[in-house]
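>>> Kindly return the folded structure for what I paste below:
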Amino acid sequence: MKKISLLITLFISISICSNAQVPKLQSIFIYNFTKYIEWPASYTSGNFIIGVIGQSPLINELNNLSKSKKVGNQPIVITKFNSVSEISKCNILFVPKNKSSELNDVINKLKSTSTLIITEKEGLAKQGAGINFVIVDNKQKFELNKTNISKYNLKVSTSLTNLAILVH
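Numbers count the residues shown, from 1 in each chain. Below you'll find the model as predicted:
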């Protein structure tokens, strides 16, 4: 039943969106990704940390979502990092478009962690992100790179894979 709920939510979210709706849709997507990505045991207790590097309107949306949602039994905590050097342990790290040029530094910083890297600029799933938000025909969609996700010791469900634009 949960899989059907995710599918319905994602298909509704994929509807035509304006720029003002993008952060809200992305926050919903990110929350739903947590249901279909498996983290190692050391990442499944304490707070579920979603980090954002730099400024992004997504921070406000994620903070709103974190007030009423949990990932399993873990409270969601949103952490803003001003620079790559500030990045610490997190379950998810969102790299907004204005920080895309720092993706290689982010990857180097997180290479020995189990962090899902999510971006929002065309081509970044091929350059190291696990998930990359894209707009296709005025609809919010996402690319998924299973190889990049598995590099971080994460497992992605087939249900999520089936909804994604797969890249290698």
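
>>> can we go C-alpha only for contacts and neighbour counts from here?
Noted.

>>> Would you mind listing the residues in contact with the nearest residue to Asp105 once chain neighbours are set aside?
Among residues not flanking Asp105 along the chain, Val84 sits closest, at 6.8 Å (CA to CA, 6 or more residues apart in numbering). By CA atoms under 8 Å, 6 or more residues apart in numbering, the contact set of Val84 is Ile53, Glu102, Asp105, Val106, Lys109.

>>> cutoff 10 Å now
Val84 sits next to Ile53, Gly54, Lys99, Glu102, Leu103, Asp105, Val106, Ile107, Asn108, Lys109, Leu110 when contact means CA atoms under 10 Å, 6 or more residues apart in numbering.

>>> wait, which of the residues you listed is closest to Gln127?
Nearest to Gln127 out of the contacts of Val84 is Leu103 (CA to CA; 8.1 Å).

>>> returning to that earlier point: list just the nearest of the contacts of Val84 to Asn132.
Of all those, Asn132 sits closest to Leu103, with 11.9 Å by CA to CA.

>>> picking that back up, tell me the phi and psi of the residue nearest to Asp105?
Main-chain torsions, Val84, degrees, to the nearest 10: phi -60, psi -40.

>>> Next one: it from Ser157, what distance?
Distance, Val84 to Ser157, by CA to CA, to the nearest Å: 29 Å.

>>> Would you map the strands across the chain?
Applying DSSP state E to the chain gives strands spanning 37-38, 48-53, 70-71, 74-81, 92-95, 116-119, 131-136, 139-144, 155-156, 165-166.

>>> got the contact list for the residue nearest the centre of the chain?
In the chain, the centroid-proximal residue (CA atoms, centre = their mean) is Ile118; its distance is 4.2 Å. Counting by CA under 10 Å, 6+ apart, Ile118 touches 30, 52, 92-96, 124-125, 128-133, 142-144.

>>> mind listing the helices in the chain by residue range?
Remark: helices assigned in the chain by DSSP state H are 2-13, 22-33, 58-66, 103-110, 146-151, 158-163.

>>> Pass me the low-pLDDT residue ranges in the chain, would you?
1-20 (pLDDT under 70).

>>> please redo it, this time with the cut-off set to 90
1-22, 138-139, 168 (pLDDT under 90).

>>> Please produce a PyMOL select command covering the buried subset of the contacts of Val84.
Applying 16 or more other CA atoms under 10 Å to the contacts of Val84, the buried members can be selected in PyMOL as follows:
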select buried, resi 53+54+99+103+106+107+110
